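Undergrad: Predicted coordinates and the sequence they were generated for:
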Amino acid sequence: MSGTGKYWFRAKRYGWGWGLPLTWQGWAALALYVLSICLIAVFFEPHGHAFEFAGLVILATLALCAVCWLKGEPPRWRWGKER
């Protein structure tokens, strides 16, 4: 990883993807994601604006995935502890 060399998100032990954040920057990104979902739910109520709500939640989730992809450990399928 370029820059500081420290990953923001550790890869999951089982499966594909990332787990909980490792650094304060990762926690800040996750907190921003949760805050954005809360704000989307307040301003675009799911029962009143279903398509807008779903679209914005998808965009926020894709943004978090992009941050994890760029700042997290490289994703690959994992089966637990490596021997």
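TA: That came in fine, so what should we check first? Source: prediction; values computed, not measured. Numbers count the residues shown, from 1 in each chain.
Undergrad: okay, CA-based contacts and neighbour counts for the rest of this
TA: Fine.
Undergrad: which residues of the chain fall in strands?
TA: With DSSP state E, the ranges of strands along the chain come out as 9-11, 14-15, 18-21, 78-79.
Undergrad: okay, these in TSV with mean pLDDT next?
TA: Shown next, in TSV, are the strands of the chain (pLDDT from 0 to 100):
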stretch	mean pLDDT
strand 9-11	91
strand 14-15	89
strand 18-21	92
strand 78-79	84
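Undergrad: which one of these is the most hemmed in?
TA: Comparing those by mean neighbour count (mean count of other C-alpha atoms under 10 Å), strand 9-11 comes out on top with a mean of 22.
Undergrad: hang on, the earlier thing: can you list the strands of the chain in TSV and add distance to Ala29?
TA: What follows is the strands of the chain, written out as TSV (distance: least, C-alpha to C-alpha, whole Å):
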stretch	distance to Ala29
strand 9-11	10
strand 14-15	22
strand 18-21	9
strand 78-79	24
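Undergrad: and the nearest residue to Trp24 once chain neighbours are set aside, how many residues sit next to it?
TA: Nearest non-adjacent residue to Trp24, counting by C-alpha to C-alpha, 6 or more residues apart in numbering: Trp8, 7.8 Å away. Trp8 has 24 neighbours, counted by other C-alpha atoms under 10 Å.
Undergrad: for Trp8, what are its contacts?
TA: Each residue near Trp8 by C-alpha atoms under 8 Å, 6 or more residues apart in numbering is listed here: Pro21, Leu22, Thr23, Trp24, Gln25, Gly26, Cys68, Lys71, Gly72, Glu73.
Undergrad: Give me the buried entries from these.
TA: With burial judged by 16 or more other C-alpha atoms under 10 Å, the buried subset of the contacts of Trp8 is Pro21, Gly26, Cys68, Lys71, Gly72, Glu73.
Undergrad: pretty sure the fifth one is touching Arg10, no?
TA: Yes. Taking contact to mean C-alpha atoms under 8 Å, the distance of 6.1 Å between Gly72 and Arg10 places them in contact.
Undergrad: Pull up the overlap in contacts between those two.
TA: Common neighbours of Gly72 and Arg10 (C-alpha under 8 Å, 6+ apart) are Trp18.
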